[in-house]
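Novice: Requesting a structural model of the entry that follows:
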Amino acid sequence: MKIKWQKKGIIMADARSRLRGRQARSRPKAVKSGRISEQLEAGLIQKYERLKEEIKSAEGALVAFSGGIDSSLLLRVATDVLGKRATAVIVDSPLFSRQEIKAARRLAADLKVELKTVQINSLEIPGVAKNTDKRCYYCKFSLFSRLKELASEMGLNRVLEGSNLDDAADYRPGRRALKELGVYSPLAEAGLTKAEIRCLARYLGLPNWNKPQTACLASRIPYGQPLDRAILEKIEKGEEIIRQLGFSQVRLRHHGEIARIEIDPKEFLLWFKPGISEKVVADLKKLGYRYITLDLDGYRAGSLNPPHN
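Specialist: Residues are numbered from 1 along each chain as shown. Predicted structure coming up:
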């Protein structure tokens, strides 16, 4: 993919500023839409145009927004195409990180988009708290049923969400719920992969174009172990402790007394810098973990998922 970028230097003073620096690095200026052919290769131009056509077919749309890169690109293009006929909604649930929700609200404000919030206690949804391997299906069905109701109340004829083409290769039972409910996934319909979404987001000047992939907090707990709010809050606090030390991609997999930490293998050297691992161990033990381990396979999306063909 050929894209012309303006390079900007970033000076990172210490490990604590590393993550913020990474997110700010090479933030491009938005390019006028008329010059897209000068910036992107032909295949991606076609997908971008198809994405706009897919969204344009809606008379009005509710965009399920999480603050991740997929839903951010979807929201940006939806507002470009539909204007005020596109409404952004974020779901506030115990399964979602408080930090991620705050970041999503800041991003919506930066994009000058009004963001509505729907409060849903996912732990009260039958099938979710038990944490079976169909948890995601039950959760998505309940959440998007509520969003469809809200869209109907607002006179919007379509609900849009940010699944992409790569998601079909992973274990995602929630996709079945989306299909059953008739929720539309324009990024996937346009054939956009995660890498292509990042390219388009960078081209359009979205500040979170290189934001690390995120997932709900329940994904840190092995299937079969019941979910509760205290465990989810414990996981979120633990991951934030590690991120504050400069790690970009972090998963704290909860195995009872054991915290199994997944980080980007490229950041293993940071882990072994003097004082880093010692601080992580001390702080996580204060949260109640007895054993703290570093997974030498590094971060893998969905590492607790069952085998998927």
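
Novice: CA atoms for contacts and neighbours, from now on please.
Specialist: Fine.

Novice: how close does Tyr289 sit to Leu95?
Specialist: To Leu95, Tyr289 is 20 Å away according to CA to CA, to the nearest Å.

Novice: So these two - more neighbours on which side?
Specialist: Leu95 (24 against 19; other CA atoms under 10 Å).

Novice: And what about Ala177, helix, strand or coil?
Specialist: helix (DSSP: H, G, I helix; E, B strand; the rest coil).

Novice: Asp297 sits in which helix or strand?
Specialist: Using DSSP states H and E, Asp297 sits within no helix or strand.

Novice: what's the distance between it and Ser303?
Specialist: Counting by CA to CA, the gap from Asp297 to Ser303 is 10 Å.

Novice: which neighbours do those two share?
Specialist: Listed as contacting both Asp297 and Ser303 by CA atoms under 8 Å, 6 or more residues apart in numbering is no residue at all.

Novice: which residue sits farthest out from the middle of this structure?
Specialist: Ranked by distance from the centre of the chain (CA atoms, centre = their mean), the top residue is Pro274, with 31.5 Å.

Novice: So that residue, which state does it fall into?
Specialist: Under the three-state scheme (three-state DSSP), Pro274 adopts coil.

Novice: For stretch 204-224, buried residues please.
Specialist: By 16 or more other CA atoms under 10 Å, the buried positions in stretch 204-224 come out as 204, 206-211, 214-215, 217-223.

Novice: With stretch 295-309 instead?
Specialist: Going by 16+ other CA under 10 Å, stretch 295-309 has these buried residues: 298-299.

Novice: Mind listing residues that contact it?
Specialist: Stretch 295-309 has contacts (CA under 8 Å, 6+ apart) with 133, 169-171, 219-223, 249-251, 260-265.

Novice: rerun that using 10 Å as the cut-off
Specialist: Stretch 295-309 is contacted by residues 133, 169-172, 213-215, 219-223, 249-253, 259-268 when judged by CA atoms under 10 Å, 6 or more residues apart in numbering.

Novice: looking only at pLDDT, what's the mean for it?
Specialist: Average pLDDT, stretch 295-309: 78.

Novice: swap in stretch 244-257?
Specialist: 96.

Novice: how far does that stretch sit from the chain's center?
Specialist: 16 Å (CA atoms, centre = their mean, to the nearest Å).

Novice: tell me which residues in it are buried?
Specialist: Those would be 245-254, for stretch 244-257 by 16+ other CA under 10 Å.

Novice: From the contacts of stretch 295-309, which land in strands?
Specialist: The strands, defined by DSSP state E, take in 250-253, 259-263 from those.

Novice: Mind putting the residues you listed into JSON lines with distance to Gly68?
Specialist: Putting the ones in strands among the contacts of stretch 295-309 into JSON lines (distance: CA to CA, whole Å) gives the following:
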{"residue": "Val250", "distance to Gly68": "15"}
{"residue": "Arg251", "distance to Gly68": "16"}
{"residue": "Leu252", "distance to Gly68": "19"}
{"residue": "Arg253", "distance to Gly68": "21"}
{"residue": "Ala259", "distance to Gly68": "25"}
{"residue": "Arg260", "distance to Gly68": "24"}
{"residue": "Ile261", "distance to Gly68": "22"}
{"residue": "Glu262", "distance to Gly68": "20"}
{"residue": "Ile263", "distance to Gly68": "19"}
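
Novice: Now do the strands in the stretch 101-250 of the chain.
Specialist: 115-119, 158-160, 250-255 (DSSP state E, counting those that start in this stretch).

Novice: And those strands: which comes nearest Phe144?
Specialist: Minimum separation from Phe144 across these (CA to CA) falls at strand 158-160, 8.3 Å.

Novice: For Arg146, list the residues it contacts.
Specialist: Counting by CA under 10 Å, 6+ apart, Arg146 has contacts 91, 118, 120, 140, 152.

Novice: From the domain annotation, what segments belong to each domain of the chain?
Specialist: 39-203, 217-294 (automatic domain parsing).

Novice: hey, least reliable of those domains by pLDDT?
Specialist: domain 39-203 (a mean of 94).

Novice: And the helices in this structure, which stretches?
Specialist: Using DSSP state H, the helices of the chain run over residues 15-24, 36-39, 42-56, 69-82, 98-110, 135-153, 174-181, 186-189, 194-203, 229-243, 268-271, 276-286.
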